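In: Quick one, fold the following:
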Amino acid sequence: MSISVVILAAGQGTRMKSTKPKVLHEISGKPMLFHAIDAAKEISDDIVVVLYHQAERIQQMIESAYVGIRFHMQDARQFPGTGGAMKGVKTKHERTLILNGDMPLVTKTSLEALTAGDADINMSVITLDDPNGYGRVVIEEGKVKEIVEQKDCTPEQLKIQTVNAGIYAVNTALLERYIPLLDNNNAQKEYYLTDIIKMAVDEGRKVHPVYVEEEEFKGVNSKLDLAHAEEIMQRRIKEALMMQGVVMRLPDTIYIDCRATFEGECILENGVSIIGESRLVNAHIKTNSVVEDSYIEDSDIGPMGRIRPQSILKNTHIGNFVEVKKSTLTGVKAGHLAYIGDASVDEGSNIGAGVITCNYDGKNKYQTVIGKNVFVGSDTQLVAPVTIEDDVLIAAGSTVNKDVEKGALAISRTPLKTVKNFFYKFFGAPSCK
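Out: Numbering: from 1, shown residues only. As a prediction, this is how the structure comes out:
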């Protein structure tokens, strides 16, 4: 690969109104910065992330997910602005693409277009129906001539609809010569990366405009922007999955994490959320159910079921208001109103309504092991650690706090007591009319 990528992620992001660094706010399950890194990795093996605000926190997050990313710690107090962020940055390849860490919607296709050709600088531009508020990019004979701030535009220049999208691919040698020449002699006292465009034009260099889609180059600067970016990302994810064969009922009501994967015939009904690194194979997830970081194969969930992280379900039916957590179920039926946590349940077993595994004693979690062909009657409490062997019947309403051997009936009930005619003694004898 002959392209280096620099991702600018040093800003404080004050408009997000959050203690979390702006670039770590998540979109479809990943920090927005990670989406930019993913796109960069598709075109480059040399990626540098420029950090300043909460730099250590961001670096730790990146290093927990990626290998081989380089970092440049910038002194943004001394060198504010986009040009200041590039001070001292060194890249390996002949061309350097400069991205913003708050642009999570960029794609490989657009980045390849931005790095193509032999121009000294490729500059991303957008055509807007209403460019009001933006600086205008003056283009003549297919070359960028200048960037003019709106307040400095002539009446003719105000009619220009082409504006700067803020991403550049620059000859690295040229970039290394221009960056030290940037100054902050402006009202904001900042170093502007756009000044390299003027330097290049003044030297007669070729600055080529690359027209890009506004959607991909949206900067995320507020919680409102974050929500808009989420909508776009979700649309992309779901459209791609439906083209691969996933059935979605009312897809606008469904949420799918970008890390989730699907195989075979999968159906997602309205209101479903698939979260984290979930993997679904021939799965039917019914209305308003949630699957988190779990593996679901040849199974149906819901409606209104919840599968919590580290669960593995195969050939299993999970009904309404059933919650499964960190459990392995194979060939199991749990029709309604049950909690199965820290458990393994083998094939042919049935979990009745109101059954719970009592897996937590206030300090530690314990395992429940249920064998094959076990029938657990309604309103049973299984007090872990406990093992229920194969071919066991557990009577409804039982509290099981000891292991049950194969083929047994387990029953734990208070004997039923009746008091004859108590109703009439309490409320009085019925009157005759």
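
In: For the top helix by length along the chain, buried residues please.
Out: What stands out as the longest helix in the chain, according to DSSP state H, is helix 223-243. Going by neighbour count (16 or more other Cβ atoms under 10 Å), the buried part of helix 223-243 is Asp225, Leu226, Ala229, Glu230, Ile232, Met233, Gln234, Ile237, Lys238, Leu241. (C-beta placed from N, C-alpha, C; glycine too.)

In: repeat for stretch 194-212
Out: Buried residues in stretch 194-212 (16+ other Cβ under 10 Å): 194-201, 205-210, 212.

In: so which pair among the residues you listed is furthest apart in space?
Out: Met199 and Val212 (22.7 Å; Cβ to Cβ).

In: got a list of what Ser28 touches?
Out: Counting by Cβ atoms under 8 Å, 6 or more residues apart in numbering, Ser28 makes contact with Glu230, Met233, Gln234, Ile237, Ile256, Asp257, Cys258.

In: again, but for Glu26
Out: For Glu26, the contacting residues are Met32, by Cβ under 8 Å, 6+ apart.

In: Same check on the one 5 residues further on?
Out: By Cβ under 8 Å, 6+ apart, the contact set of Pro31 is Val23, Leu24, His25, Met61.

In: Which pLDDT value goes with it?
Out: Among the per-residue scores, Pro31 holds a pLDDT of 97.

In: how far away is it from Pro21?
Out: If you measure Pro31 against Pro21 using Cβ to Cβ, to the nearest Å, the figure is 9 Å.

In: and what of Thr261?
Out: Distance, Thr261 to Pro21, by Cβ to Cβ: 28 Å.

In: if you count what's nearby, which of these two comes out ahead?
Out: Counted by other Cβ atoms under 10 Å, Thr261 and Pro21 do not tie: Pro21 has more neighbours, with 23 against 13.

In: Around the closest residue to the more buried one other than its chain neighbours, how many other residues sit close by?
Out: Distance criterion Cβ to Cβ, 6 or more residues apart in numbering; nearest residue to Pro21, sequence neighbours excluded, is Gln54 at 4.6 Å. Using other Cβ under 10 Å, Gln54 has 19 other residues around it.

In: ditto for the one 3 residues further on
Out: The local packing of Arg57 (other Cβ under 10 Å) involves 13 other residues.

In: Tell me who's in contact with the spatially closest residue to it that is not a sequence neighbour.
Out: Excluding the flanking residues, the one nearest Arg57 by Cβ to Cβ, 6+ apart is Pro21, at 6.5 Å. When contacts are counted by Cβ under 8 Å, 6+ apart, Pro21 is found next to Ala9, Gly13, His53, Gln54, Arg57, Ile58.

In: and which of those residues is nearest Val163?
Out: Val163 has its nearest neighbour among the contacts of Pro21 in Gly13, at 22.0 Å by Cβ to Cβ.

In: Surely that closest one and Asp102 touch.
Out: Yes - counting by Cβ atoms under 8 Å, Asp102 is a contact partner of Gly13 at 7.3 Å.

In: Now the common contact residues for those two.
Out: Lys22, Val23, Asn221.

In: Show me how to select, in PyMOL, the buried members of the residues you listed.
Out: Buried residues within the shared contacts of Gly13 and Asp102, by 16+ other Cβ under 10 Å, are selected in PyMOL with:
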select buried, resi 22+23
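
In: Which members of the shared contacts of Gly13 and Asp102 are positioned in strands?
Out: Among the shared contacts of Gly13 and Asp102, no member falls in strands (DSSP state E).

In: and which of the shared contacts of Gly13 and Asp102 is nearest Pro385?
Out: Val23 (44.3 Å).

In: Could I get the contacting residues of the nearest residue to the closest one once chain neighbours are set aside?
Out: Leaving out its chain neighbours, the residue that sits closest to Val23 by Cβ to Cβ, 6+ apart is Leu33, at 3.8 Å. By Cβ under 8 Å, 6+ apart, the residues touching Leu33 are Ile7, Ala9, Val23, Leu24, Val49, Ile58, Ile62, Gly101, Asp102, Pro104.

In: what do you get if the cut-off is 6 Å, keeping everything else the same?
Out: Listed by Cβ atoms under 6 Å, 6 or more residues apart in numbering, the contact partners of Leu33 are Ala9, Val23, Gly101.

In: Check Val207 too.
Out: Contact partners of Val207, counting by Cβ under 6 Å, 6+ apart, are Ile121, Met123, Val144, Ile197, Ala200.

In: Gly13 and Asp102 - which one has more neighbours?
Out: Between Gly13 and Asp102, counting by other Cβ under 10 Å, Asp102 is the more crowded of the two (24 against 21).

In: per-residue confidence for the more buried one?
Out: In this model, Asp102 is scored at 95, pLDDT.

In: That one: which element?
Out: Under the criterion DSSP states H and E, no helix or strand holds Asp102.

In: how close does it get to Leu24?
Out: Distance, Asp102 to Leu24, by Cβ to Cβ: 11 Å.

In: Thr261 now?
Out: Distance, Thr261 to Leu24, using Cβ to Cβ: 24 Å.

In: ok, for the spatially most central residue of the chain, nearest residue in space, not its chain neighbours?
Out: When Cα atoms, centre = their mean is applied to the chain, the residue found nearest the centroid is Gly29 (1.2 Å). Distances taken as Cβ to Cβ, 6+ apart place Asp257 nearest to Gly29, at 3.6 Å, with adjacent residues excluded.

In: ok, now which ones touch that neighbour?
Out: Contact analysis of Asp257 by Cβ under 6 Å, 6+ apart lists Gly29, Ile275, Gly276.

In: Just the residues you listed: which are in strands?
Out: Counted as lying in strands by DSSP E, out of the contacts of Asp257, are Ile275.

In: re the thing from before, which of the contacts of Pro31 has the most neighbours?
Out: Neighbour counts for the contacts of Pro31, by other Cβ under 10 Å, peak at Val23, which reaches 32 neighbours.

In: my guess is it contacts Asn100, does it?
Out: No - contact criterion Cβ atoms under 6 Å: Val23 and Asn100 do not qualify, at 9.1 Å.

In: mind checking pLDDT for Leu51?
Out: 96.

In: shaky segments in the stretch 1-150 of the chain?
Out: For the stretch 1-150 of the chain, the stretches flagged by pLDDT under 70 are 1.

In: still on that earlier bit, ok, so of the buried residues of stretch 194-212, who is nearest Asn401?
Out: Val212 (64.9 Å).

In: was I right about the closest one contacting Val125?
Out: No - in this structure, Val212 is not within contact of Val125 by Cβ under 6 Å, at 7.1 Å.

In: what touches both of these two?
Out: Ala165.

In: Would you check how far apart the nearest residue to Tyr255 once chain neighbours are set aside and Ile356 are?
Out: Using Cβ to Cβ, 6+ apart and skipping the chain neighbours, the partner closest in space to Tyr255 is Ser273 (4.4 Å). Distance of Ser273 to Ile356, computed by Cβ to Cβ: 23 Å.
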